[in-house]
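Visitor: just need the structure, nothing else, for what follows:
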Amino acid sequence: MRLTIFIAFVIVSCLSAFSQGISDNLIGKQFEGVTSDSIQVNVSVGWNLISLPLEIPGGSRSTLFPNAISDAFEYNGSYQPKDTLEFGKAYWLKFAVPETITVVGKGTAICSVAVQSGWNMIGTTSLPISSSLLKTNPMGIISSELFLYNTDSGIYQTTTMLEPGKGYWVKVSQSGTLVQNCWGGPSEVLRTPVNESRSLSAPRLSWLRSQCGASYHLQIARDTLFQSILVDTSITDTSFQAHFNCVDTVYNWRVGIDVQDSLTIWSDGRKFTWTFYQDEQITPTEGGGTTLTPPLLWHAVSCAPNYHLQISGDSSFNVLQFDSLLSDTTYQCSELDSAQTYYWRVGIGGEEPNLWSRKKSFTAAWRYLGLGNEAITALAVDWSNSDVMYAGSSSNFSAGTVGGIFKSTNGGASWDTLIRGMTARDLDIHTTDPNIIYATAGINVLTPTGIVKSTDAGAHWEWADSGIYRSWEEGPGVLVIDQHYPETLYTGTGGPMGGAIYKSTNGGNYWFRVSPNTGGLISSTMSLAINPTNSNIVYAGTDQDGNVYKTTDGGSTWNETGLKNKGMIYDIAINPLSPETLFVGSWAFGLYMSTDGGATWFRYDSNFNIIHGFVYRIIVDTTNSGRIICFASGGVYKERINNYWERIGIDTYGAAGALILQRNTLYAGLHGVHRYLK
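Guide: Okay, here's the model as predicted:
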C-alpha cells in the first residue's frame, strides 16, 4: 500500500511539468530500413505508461504517437522529456481520446535495458513474456514486484506478465542490466543444419524452444526474400523433416513466432542444399591406388531408384569404360589396365541424370595376389627368389577364419597352407639361408603362443622359444634378425600384464631375457630395430607408456630416448644410408623422425593427412634416396620429396596390416596380399 501511494505521489507531483501538444496524424508509418512488422498499441484517455513494442531506429515521439497531447517523459531519478523513444524503456504519454495505434518496426524476442539503483520504468519484448524470465546482471538485484498503471482506474497493480507496448515500474538494489529473453536472438534460434550445409538427403530442421510461444511458423523458400515459398506452415514441435526431390538447389529457411496477425518475429534465415556432391563416394579414396579389380562404393539416396555409374579413362568422360544404370550402391570392376588412372562418378535421375556426384580418380596400381579371406598380419619374400612368398594371418572366428601361415611358389598365383589355426604376428627369413624361416605365434585359442622355426622352407616347423615366458595371454609378437650375425635374434613379448625383450645367439634354440625387471620396458614390446652398421645398438618401442628405448651394448642395459608417451609404438625403421636417422610410427600420434640416434625427435607427417594419426608400418627405400613408405590409417603413403607425400593405396579402414619392400617391389597385406605395380 505504501509503495502504491509513493509511486502515485511521484507521478502526480510531476504532472504540472508535462507539456502538451498535438502532432500531425502519422499512425502506422513504415520507416526506411525497418522491417515492416507491426503491433497495435491501445491507449486510454489521460496518462498512459507505454513502451515501444518493436525495435525502431530513431523512433520520434511526434511521428509514432502524433495524437499525444504531452511530451514523452522517462524516469531516471526524476522525470525528463524525450523526443526520441528507445526500445526497452517506458514513457509517460497523455492522450485526449482513446486510440488504437499501429506501430511499425522490427519484432524481437530479446530486450535488454540499463537500470539505476532505485525505481525504473521498463518496457518489454515484442512477445508477451513472464516476469520469471526477467534476468539481471548482476544477479538478484530486483527488490520489488513489477507494477503496471491502470489508466482507467488510475491505480497501480502488480503483474507477472509483461505485454508488448506497455510500461512497468520495477525497483533494483543497484545499477545493472535487465534482460528479457524468451527465445534468443535472430542469429541464435536455428540449430541444425548449419548455414549453407550440403547434405546427401533432405535434412531435419531444428530450432530452439521458445518460452513465450506455443507454436512456430516455418517457411522454406527458393529465395532469400521468401517470396517463392515451398513450405509455409504452423508447427508445435521444434523440428521438421524436409522432403524434396533430388535436385541440387539452394533452399532458404526460417522460423518465427506469430504475435499478431500483422507480426511474426523471425529468426535469421539459413541456407541448405540437398546435394549428391560432397561425400557421396566412399571408396576408392580420391587420387589413391587400388587393385586392378577395385570395388566402387557410394552412399544410398532415398529418392533414387537407381544410379548411373560411369568409369572413364579421361577426366571429361569421353572414353567410357563403363556406363550403365545400377540398382545397388556398389560395383565390382573387372580387371583394369595396370598403372592406369581412371575417373568415376555417379548420377541420379535415370539415363540422363539431373544430378551428378563430383568426379573422383583412382589409379589401378595394385595387383591382387590372393588370400582375400585372410586378415594378413605378416609377409616375407624370399630374397633369392621373389616367386617364393610367405604370408601370415590372424584369427577372426566371427568371420570363420582361424589364422595361419601360407606359402606361394609362383608369385602369388596360388597358395599352400603351411600351418592352420595360428595367429602369425611376424615372419622373418634368415639372411644367408632362405630355407630358415621364423614366425611368432600370437594369441589364438587353437594354438599356444610362442615362436616356430622351419629349416626346410616351411615344409616342417618346430617350436623355438625355450627360455621365453609365454602363456595363453602373453607371447612373442615382433622378431628381428641381425643381418651381420643371423644366429642373433631379438623378440618382444606382450600381453595384459606387459612383456619383455628376449635375445637368442644360437638361432632360437635358447632365449634369455635382456630387458630389466624394473624401471622401463615394463610394457608390451611392439617393435624392434637393429642398427645395420652396429649390432650392439637396438631400439625397442612399447605400448602402454608409448616410449622408445635404446641399448648400445646388445641388450645389457636400456635407456629411454627422447620420445615418450606417444601411444603404442607400432614400428621403428632405421635408414641404412644414415643409421642415426630413425623413424617411428605410433598409435594416434603420427610419424616421428630423429637424426641423432633418438636423442631428439620431430613430427614427420605434417604434409600428409593421416586419419586419426595411426602409422602401422614404415619402410626406408634405399633405392630412392632413403625416402619413406608408410602403412597408415587411410592407406599406403609414399614420400615424393622430403616430407611431401602421395597416397598410393590401399584403403586400410583403420586396421594394421603388413608392408614389405623386397628387390625393389612393394607388397602390402590387409584383406589379402597385393603387389604394387608402379
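Visitor: quick one, helices of the protein?
Guide: Secondary structure of the chain, counting by DSSP state H: helices at 2-14, 61-64.
Visitor: which of those helices comes out lowest on mean pLDDT?
Guide: Looking at those, the lowest mean pLDDT belongs to helix 2-14 (a mean of 37).
Visitor: tell me the contacts of the residue lying closest to A573 once chain neighbours are set aside?
Guide: In this structure, A573 finds its nearest non-sequential neighbour in I618, 4.0 Å apart by Cβ to Cβ, 6 or more residues apart in numbering. All C-beta atoms are positioned from the backbone trio N, CA, C, and that covers glycine. Neighbouring residues of I618 by Cβ atoms under 8 Å, 6 or more residues apart in numbering: 571-573, 583-585, 591, 628-631.
Visitor: just the ones of those in strands?
Guide: Of these, the ones assigned to strands by DSSP state E are 571-573, 583-585, 591, 628-631.
Visitor: considering the residues you listed, which possesses the most neighbours?
Guide: Within the ones in strands among the contacts of I618, most neighbours by other Cβ atoms under 10 Å means G585, with 31 neighbours.
Visitor: pLDDT score for that residue?
Guide: pLDDT recorded at G585 is 90.
Visitor: measure it to S466 for me?
Guide: Distance, G585 to S466, using Cβ to Cβ, to the nearest Å: 31 Å.
Visitor: flag the shaky bits of the stretch 151-300 of the chain, pLDDT-wise.
Guide: Along the stretch 151-300 of the chain, the model assigns pLDDT under 70 to residues 200-201, 244-248, 260-262, 275-280.
Visitor: please apply the same query to the stretch 401-550 of the chain.
Guide: 445, 516-522.
Visitor: that older thread, tell me which of the contacts of I618 is nearest to Q281?
Guide: Using Cβ to Cβ, F631 comes nearest to Q281 of the contacts of I618, at 23.1 Å.
Visitor: picking up where we left off before, for the contacts of I618, please prepare a markdown table with the additional fields distance to W266.
Guide: Compiled in a markdown table, the contacts of I618 are given as follows (distance: Cβ to Cβ, whole Å):
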| residue | distance to W266 |
| --- | --- |
| D571 | 58 |
| I572 | 61 |
| A573 | 61 |
| F583 | 58 |
| V584 | 56 |
| G585 | 54 |
| L591 | 51 |
| I628 | 56 |
| I629 | 57 |
| C630 | 53 |
| F631 | 54 |
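Visitor: just the ones in strands among the contacts of I618 now: which is nearest D328?
Guide: Distances from D328 to the ones in strands among the contacts of I618, taken as Cβ to Cβ, are shortest for F631 (30.3 Å).
Visitor: quick one: low-confidence ranges for the stretch 551-678 of the chain?
Guide: Ranges of the stretch 551-678 of the chain meeting pLDDT under 70: 607-613, 649, 651-656, 678.
Visitor: tell me which of the contacts of I618 is nearest to L369?
Guide: Nearest member of those to L369, counting by Cβ to Cβ, is F631, at 16.4 Å.
Visitor: measure that closest one to G392 for me?
Guide: Going from F631 to G392 by Cβ to Cβ gives 15 Å.
Visitor: how about A365?
Guide: Distance from A365 to G392, by Cβ to Cβ: 24 Å.
Visitor: which of those two has more neighbours?
Guide: G392 (29 against 24).
Visitor: could you find the closest non-adjacent residue to that one?
Guide: G392's closest residue in space is A424 (Cβ to Cβ, 6+ apart), at 2.5 Å.
Visitor: could you do A300 as well?
Guide: T329 (5.0 Å).
Visitor: contacts only, for that neighbour.
Guide: Per Cβ under 8 Å, 6+ apart, neighbours of T329: 297-300, 307.
Visitor: out of the ones in strands among the contacts of I618, who's nearest N318?
Guide: Checking the ones in strands among the contacts of I618 against N318 by Cβ to Cβ gives I629 as the nearest, at 34.6 Å.
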